[in-house]
Structure formats: C-alpha cells, structure tokens
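> below are the sequence and a predicted model; questions follow.
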Amino acid sequence: MRGVGVTSALTDALPSALVPVLELLTQLGDAWFVMVAVATVYWVGPRYGLLSARDATRYAAVGLAAFGAIVALKGVFALPRPPASVALVHTDGHGFPSGHATAAAALYGGAAALFARPARRTRWLLAAGFVAVVSATRLLLGVHYLADVLAGALVGALVVACVLALTRRRHSLGFLFAAALGVCALAAAGPTVDALASVGITLGALCGYAVATRYGRARVSAPLALCGLLVFGGFGIAALKAPLPGYGVVITSMVAGAGVLALPATRSLSQNFSR
C-alpha cells in the first residue's frame, strides 16, 4: 500500500548506468550534507549577506530539529524499506518517513523562508525542485516507497513551520524544541547510535547557543569556518561511525553541537579569558 507499485516500476525501468548519478544526487538530502550546509550558513551566511544573524540562528534550529524528528518518527513507525530484490543500493534502517526527503524539505524549505536572496519566488521554486530531486532519487534507487517520501517532505515542512513560529521572538525555543525531539527520538527508537547522537547534538547546540548569546556573536571568517567543519564535523562523524559506548556517542555529539553554535563567539571568548 505504501508504494502503490511506483518504486518497483521505477527501479525496473532505470538504466544501471544512472545509479551512480542518483547516488550522488541523493547526497543533497543526506545527514552529513545537511549538517555541513546548516553549519556553514550559520557561520558565514550573515557575513556575505545571505541572511541575517538572527535568521541564521533560526536556520540552525531547523536543521537540528529535523534530525530529531527523523529519528523519532522512524522509531515510532518502524516500517521496513522495500525488499532487497527492489532496492538498487543497500541502505540500513527503517523506511518511514524518508529521512532524506524530510531533511531536504527542512534544509531547502528553511532556506526559502529565511534567506534574503535570491527573490522570494525563485527561492521557493528552487526549494521545491531540490526536494523533488532528492525524493525522486530515493524512489529510483528503490530504497523508499512513495508514501515514505511524501510523508518525509510533509514532516520537513512542518518542522520548518514549527521552528519559525517558535523562534519568532525567542530563539532558545527552537533549540529547546530540537532537544525535545531528540529526547523523543531516544524514547521511540531506544539507545541506538542515531537516537543517542540526536540527544547529544541537540543538547550540545542548546549549550552552544547559550554561550553565543552570553558572549556575543562575531563574524566568522572562511578559514575559521573551515577549521570548524574539520573539527566539529570530525566529532560528528566519530559519534555516528566510531565504535563508541552509548555515553561516548552522547558526549562526542554534544561537543559537535556545542562547537557549531558557539563558534561565532570564539573571538569574544578568547578576549574574555585573556583578561
């Protein structure tokens, strides 16, 4: 019922030569790409006039909340992916809703809502196009049913709407919402790596936001942003991929989340401690 025959029909008709192309395009909604994009926009977006510092903070909350929502809902429904006989690539985990579609809707929908340029209509058209492309790749690769990607896109849009509503006056509510979703993910999925990382990164981000608020935000240079990606991205990868105990996953992901949000306060922190 979830697929209504769409997935199997698409994979049967897809030339094998296109599979590597689809594997590349589907990365536009992968967790690593979303986190790198959100962190980069949060750090350097205001510097280049892409969005205001205020909206960059809201955008970070959108990305973190999407991660928690994906893990929580997958744990709640625990529905399988299409069988291996249909899938063209191997993917682990539950299938509903599509994490890639959810993340893409949050990433590009959030950008359309918060970015200052290009023109509003262009932003929304581009966002819809990116979400459609990512969703299509999941179907064409045979790793999701139609209902999975439709639900994922809806969940991502709801995450954007909720975070933007909560952060209209108080940014901290967006991070509290993301942390609450992380806790829900742990309750729904159990102590899996993804759930523990979701709790850690959202709680860490809440702490990092508090630091940035306390000490003030300064412009982040491109070299500092690159260092941030290498350092805190490394912590994020370690949390998800390294053979760590549960508490290690939480602590490592907390460092990643806190570092991303606190990085713009680095200059103020260094000046404060040098006094």
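Received the coordinates, thanks.
> what is the neighbour count of residue 35?
Residue 35 has 26 neighbouring residues, counting by other C-beta atoms under 10 Å. All C-beta spots, glycine's among them, are computed from the backbone N, C-alpha and C.
> show me what the helix or strand it falls within is in contact with.
Assigning secondary structure by DSSP states H and E places residue 35 in helix 31-44. Contact partners of helix 31-44, identified using C-beta atoms under 8 Å, 6 or more residues apart in numbering, comprise 27, 50-51, 56-57, 59-60, 62-64, 66-67, 99, 103-104, 106-107, 111, 220, 222, 224-225, 228-229, 232-233, 236-237, 240, 260-261, 263-264.
> now which of those residues would you call buried?
A residue is treated as buried here by neighbour count (16 or more other C-beta atoms under 10 Å); on that basis the buried members of the contacts of helix 31-44 are 50-51, 56-57, 59-60, 62-64, 66-67, 99, 103-104, 106-107, 111, 220, 224-225, 228-229, 232-233, 236, 240, 260-261, 263-264.
> what secondary structure does residue 238 sit in?
Applying DSSP: H, G, I helix; E, B strand; the rest coil to residue 238 yields a three-state assignment of helix.
> number the residues from 763 up from this point.
From this message on, residue numbering opens at 763, which makes the last subject residue 1000.
> next, the contact list for the spatially closest residue to it that is not a sequence neighbour, please.
Taking C-beta to C-beta, 6 or more residues apart in numbering, and ignoring the residues beside it in sequence, residue 1000 has residue 1014 as its nearest neighbour in space, at 5.2 Å. Residue 1014 makes contacts with 962, 997, 998, 1000, 1001, 1004, 1006, as judged by C-beta under 8 Å, 6+ apart.
> any idea how far residue 1004 is from residue 1014?
Using C-beta to C-beta, to the nearest Å, one obtains 8 Å as the distance from residue 1014 to residue 1004.
> please apply the same query to residue 785.
Taking C-beta to C-beta, one finds residue 785 at 24 Å from residue 1004.
> cool, residue 867 as well?
According to C-beta to C-beta, residue 867 and residue 1004 sit 29 Å apart.
> looking at the two, which one has more neighbours?
Applying other C-beta under 10 Å to residue 867 and residue 1004 shows that residue 867 carries more neighbours, namely 29 against 12.
> per-residue pLDDT, that one?
Note for residue 867: predicted pLDDT of 97.
> ok, it - contacts?
The neighbours of residue 867, taking C-beta under 8 Å, 6+ apart as the test, are 893, 914, 915, 916, 917, 918, 919, 921, 922.
> quick revisit: show me how far the helix holding residue 797 is from its chain's centre.
Distance of helix 793-806 from its chain centroid, counting by C-alpha atoms, centre = their mean, to the nearest Å, is 8 Å.
> and if you look at stretch 950-967?
The gap between where stretch 950-967 is centred and where its chain is centred comes out at 13 Å by C-alpha atoms, centre = their mean.
> stretch 767-778 too?
On the basis of C-alpha atoms, centre = their mean, the separation between the geometric centre of stretch 767-778 and that of its chain is 28 Å.
> mind listing what's buried along it?
For stretch 767-778, the neighbour count (16+ other C-beta under 10 Å) marks 769, 770, 772, 773, 776 as buried.
> who's in contact with the residue lying closest to residue 952 once chain neighbours are set aside?
With C-beta to C-beta, 6+ apart as the criterion, residue 952 has its nearest non-adjacent residue at 7.2 Å, and that residue is residue 837. By C-beta under 8 Å, 6+ apart, residue 837 lies in contact with 856, 947, 949, 950, 951, 952, 954, 957.
> what's the neighbour count on the fourth one?
Residues lying near residue 950 (other C-beta under 10 Å) number 17.
> thought it was touching residue 838?
Yes - judged on C-beta atoms under 8 Å, residue 950 makes contact with residue 838 at a distance of 4.7 Å.
> out of the contacts of residue 1014, who has the most neighbours?
Once you tally neighbours by other C-beta under 10 Å, residue 962 ends up highest among the contacts of residue 1014, having 28 neighbours.
> which residue is the nearest non-sequential neighbour of that residue?
Using C-beta to C-beta, 6+ apart and skipping residues adjacent in sequence, the residue nearest residue 962 is residue 1015, 3.2 Å away.
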